[in-house]
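Asker: give me a model of this one.
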Amino acid sequence: MKKLLAVGTILLAISTASAQGGRGAPPDPRNRGGGNCAANAYNCIDAPNPIATPNTVWMEEMTWMDVRDALKAGKTTAIIATGGMEPNGPWLATGKHNYVLTANCDAIARKLGNALCAPLVKFVPEGDWDPPTSHMMSPGTISMRENTFRAILTDIAASLHKHGFKQIFLIGDSGGNQAGQRDVADSLNKAWGGETLVAHIQEYYTYSVVAEYMTKNGIVDSCRESMHDDPIITLNMYAADPKSVRYAERVKAGMASIQGVSIADAKKNAELAKKIVDFRAGYTIDAMNKAIANKGTLPAPQRGGGRAGAPAGGAAAPAQAPPQSPVCSYTKLP
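Answerer: Residues are numbered from 1 along each chain as shown. The predicted structure is shown next:
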């Protein structure tokens, strides 16, 4: 039995070495796809894609061949989007920012035409653990240490750089994400010397501009609820998944409104949500083009350029509700 096992081990080693080009030989430079080119033609660098490419801009939904072919076709821009897991009142799912980015990164990449979205970075700095601070006071929050967050961004960007992406943009949907993104983008942009442009797009987070635009489209708060929620963010989430804002449950309970703005009409919601997503995509792309012209991240804006009232930890007060607005009567518990 021992002799048989020994012979089997030797044969396996010979087979493996043969597939790799011989005992002691370096790996075949044509190997791709997670296997050896010599063992299967689909593992070769230039193997044709055997099936149609899906209609998606998300790398995680693509095969390695899909990404390879997209790069060859000129889709050499990558977007790294960072969200978060945090409390947002009684209606919105803790993955608020991730739902928003699901809609927005998709729209930005498709509008650009030459871009792909990296998988969302769903965990970001949200406060300290012990003792808990900021959003870590609420169950469901998941927080990253700042150095962990920056290391993750660095590793993702380095991977994309190695595979041939020529422009990498970082967008963040929460206030606490911005400083880390800027630092990583500036550091890598300098280190790579223009070989790959890396830029933090701070304008993506300018919610006050979105609120001003949507005021002209009928979204005007009549009162304030003082929750981590507002009509803009609710409708942006709605674009990705109505379940994320508990739409059906709120309609059934007669609570389908936020700060005096009704979200009971599904057709109207879809129209307003599309306007929000389209506006944010266009506004972000304009900023991306400016960053390209600047050959890197634009200078930091003056304080208050994001969402009004947003503290350093990433929490944000509604941008469009004036301080003097009355408290919504229906916010009182029964």
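Asker: what bridges to Val121?
Answerer: Thr82 (DSSP bridges).
Asker: which pLDDT does the model give it?
Answerer: Looking at Val121, its pLDDT stands at 98.
Asker: the helices in the stretch 1-150 of the chain, which residues?
Answerer: With helices called from DSSP state H, counting those that start in this stretch, the stretch 1-150 of the chain shows them at 2-19, 64-72, 96-112, 146-162.
Asker: mean neighbour count and distance to Ile285 for the ones you listed - can I get that in JSON lines?
Answerer: For every residue, glycine as well, the C-beta is placed using N, CA and C. Output for these, formatted as JSON lines (neighbours: other Cβ atoms under 10 Å; distance: least, Cβ to Cβ, whole Å):
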{"stretch": "helix 2-19", "mean neighbour count": "11", "distance to Ile285": "46"}
{"stretch": "helix 64-72", "mean neighbour count": "16", "distance to Ile285": "19"}
{"stretch": "helix 96-112", "mean neighbour count": "23", "distance to Ile285": "6"}
{"stretch": "helix 146-162", "mean neighbour count": "17", "distance to Ile285": "19"}
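Asker: listing request: residues of the protein with sub-threshold pLDDT.
Answerer: 1-25, 302-324, 330-334 (pLDDT under 70).
Asker: for it, longest helix please?
Answerer: Ranked by residue count and defined by DSSP state H, the top helix of the chain is helix 266-294.
Asker: re the thing from before, now render the helices of the stretch 1-150 of the chain as JSON lines, adding distance to Pro54.
Answerer: Formatted as JSON lines, the helices of the stretch 1-150 of the chain follow (distance: least, Cβ to Cβ, whole Å):
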{"stretch": "helix 2-19", "distance to Pro54": "30"}
{"stretch": "helix 64-72", "distance to Pro54": "7"}
{"stretch": "helix 96-112", "distance to Pro54": "13"}
{"stretch": "helix 146-162", "distance to Pro54": "20"}
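Asker: closest one to Val210 among these?
Answerer: helix 96-112 (10.6 Å; Cβ to Cβ).
Asker: contacts for that closest one?
Answerer: Here helix 96-112 makes contact (Cβ atoms under 8 Å, 6 or more residues apart in numbering) with 57-58, 77, 79, 81-86, 88, 93, 115-117, 120, 122, 171, 173-174, 204, 233, 236-237, 239-241, 244, 273, 277-278, 280-282, 284-285, 288.
Asker: returning to what we had before: can you give me the buried ones in the longest helix of the chain?
Answerer: Within helix 266-294, the residues that count as buried by 16 or more other Cβ atoms under 10 Å are 269, 272-273, 275-277, 279-281, 283-285, 287-288, 291.
Asker: could you check the angle helix 96-112 makes with that helix?
Answerer: 70 degrees (axes from the mean of the first three to the mean of the last three Cα atoms, to 10 degrees).
Asker: what about His163, how many neighbours?
Answerer: If you count neighbours by other Cβ atoms under 10 Å, His163 ends up with 14.
Asker: Ser257 touches Ile263, doesn't it?
Answerer: Yes: between Ser257 and Ile263 there is a contact under Cβ atoms under 8 Å: 6.4 Å.
Asker: tell me which of the two has more neighbours.
Answerer: Neighbour count, other Cβ under 10 Å: between Ser257 and Ile263, Ile263 has more, with 23 against 18.
Asker: now do that one against Ala256, distance only.
Answerer: 5 Å (Cβ to Cβ, to the nearest Å).
Asker: list residues touching both of the two?
Answerer: Jointly contacting Ile263 and Ala256 under the rule Cβ under 8 Å, 6+ apart are 247, 250.
Asker: still on that earlier bit, identify whichever of the helices of the stretch 1-150 of the chain lies nearest to Asn36.
Answerer: Comparing the helices of the stretch 1-150 of the chain under Cβ to Cβ, the one sitting nearest is helix 2-19, at 4.5 Å.
Asker: from the centroid of the protein, which residue is nearest?
Answerer: Nearest to the geometric centre of the chain sits Ala81, at 2.6 Å (Cα atoms, centre = their mean).
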